[in-house]
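Chemist: predicted model and sequence below, questions to follow.
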Amino acid sequence: IQDHPELTELPPNLFFDLTGLVHLNLRRNALKTFHVLQFKGLNHLEKLSLGQNNFEDGLPGARHYELPAELWHNPGTIWRTGVFETLGGNMTDLSLDRCNMSVVPEGTFSTLINLKHLFLDENKLQTFSLDIFGANDYGEDARLGPRNLERLWLNDNELWYLPEKIFHRLRLLGDLRLTGNNLICQPDWSRLSSGIEIGGIVDKDVEELPLCADGMTPPPSTPAPPSGGSRSSASSLLLSAAAAVLSAAAAHAMSGSRACLA
């Protein structure tokens, strides 16, 4: 189900009977969000491609929901779940690139313990919670998370801050991309694989960035360019030049008239 720009939503029970599905491609549609039980029943799914949709309003995060009778075996049950929590442990690939996302809810990937490849590039993400990749071991909502990640693409977002210990559990990570962001600090890289060259995954010289700490504030936003951009500037220059020429011509004509009168 891809390349349908008119497709903005899916029926909640669309995939309930597709228990043997291993690859689901929903790329290049106009999907805005999913029902929290959208992927219920896809216990054998390995790859889920959701790139190039429009999740500007976000995806259902991991929290408590009252689930309707037609979608759950116990009508009216208050159940803690999230949009990806009904997927089985076979999930290895998840693509959420170019989806216009500005936030990923806490606990979104908490049950995807065997995820190996996660693509979040080319969104509008600014920061993450500490536990987003399974770094947090504490509290009633602590989850293992995707600690087996080997590839994590976060490039070309609006990231300015990352919790200091966000990568502490990702010891298998071999492909991390953070270029095209606006980081003002650096997380602790010490637990990452020795094969990752830190200087090659960020734009700024790592040695110039302080260690990320609580209480940091985002950098000031860059003012938007004037409407019309370079074309407007070029048009203004042309109009100014034309006015100057007309002014000079008028002055010349006036001097000629005065000479004739004399």
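Modeler: Looks like it came in fine. Residues are numbered from 1 along each chain as shown.
Chemist: now for residue 159, how many residues are close by?
Modeler: For residue 159, the neighbour count with other Cβ atoms under 10 Å is 22. Every residue, glycine included, has its C-beta placed from N, CA and C.
Chemist: is the closest residue to residue 155 other than its chain neighbours bridged to anything, and to what?
Modeler: Computed as Cβ to Cβ, 6 or more residues apart in numbering, the closest residue to residue 155 that is not its neighbour in sequence is residue 177, at 4.1 Å. Residue 177 has these beta-bridge partners by DSSP bridges: residue 153.
Chemist: I'd say residue 177 and residue 121 touch.
Modeler: Yes. Counting by Cβ atoms under 8 Å, residue 121 is a contact partner of residue 177 at 6.8 Å.
Chemist: neighbour count winner among these two?
Modeler: Neighbours per residue, other Cβ under 10 Å: of residue 177 and residue 121, the larger number sits with residue 121, 21 against 18.
Chemist: still on that earlier bit, and the residue nearest to residue 155, what's its pLDDT?
Modeler: For residue 177, the model assigns a pLDDT of 93.
Chemist: ok, it - contacts?
Modeler: Going by Cβ atoms under 8 Å, 6 or more residues apart in numbering, residue 177 touches 121, 152-155, 201.
Chemist: give me the lowest-pLDDT entry from the residues you listed.
Modeler: Minimum pLDDT for these is recorded at residue 201 (85).
Chemist: count the residues that sit near that one.
Modeler: 18.
Chemist: which residues does it contact?
Modeler: 176-179.
Chemist: hang on, the earlier thing: between residue 177 and residue 121, which contacts overlap?
Modeler: Residues touching both residue 177 and residue 121 (Cβ under 8 Å, 6+ apart): 153-155.
Chemist: quick one: which of these is most hemmed in?
Modeler: Result: residue 154 is most packed of the shared contacts of residue 177 and residue 121 (other Cβ under 10 Å), 22 neighbours.
Chemist: from what I can see it touches residue 120, true?
Modeler: Yes. Assessed by Cβ under 8 Å, residue 154 is found in contact with residue 120 at 5.5 Å.
Chemist: all strands for the protein, in order.
Modeler: Taking DSSP state E as the test, the strands found in the chain are 23-25, 47-49, 63-66, 78-81, 93-95, 117-119, 151-153, 175-177.
Chemist: output the contacting helices and strands for the second one.
Modeler: Spelled out, it's strand 47-49. With contacts defined as 3 or more Cβ pairs under 8 Å, 6 or more residues apart in numbering; DSSP states H and E, strand 47-49 has these neighbours: strand 23-25, strand 93-95.
Chemist: what's in contact with that strand?
Modeler: With Cβ under 8 Å, 6+ apart as the test, strand 47-49 has contacts from 2, 22-27, 39, 87, 91-95.
Chemist: swap in the fifth one?
Modeler: Outside of strand 93-95, the residues within contact range by Cβ under 8 Å, 6+ apart are 27, 46-51, 84, 109, 112, 115-119.
Chemist: now, which of these sits nearest residue 214?
Modeler: Comparing the contacts of strand 93-95 against residue 214 with Cβ to Cβ places residue 109 closest, at 22.6 Å.
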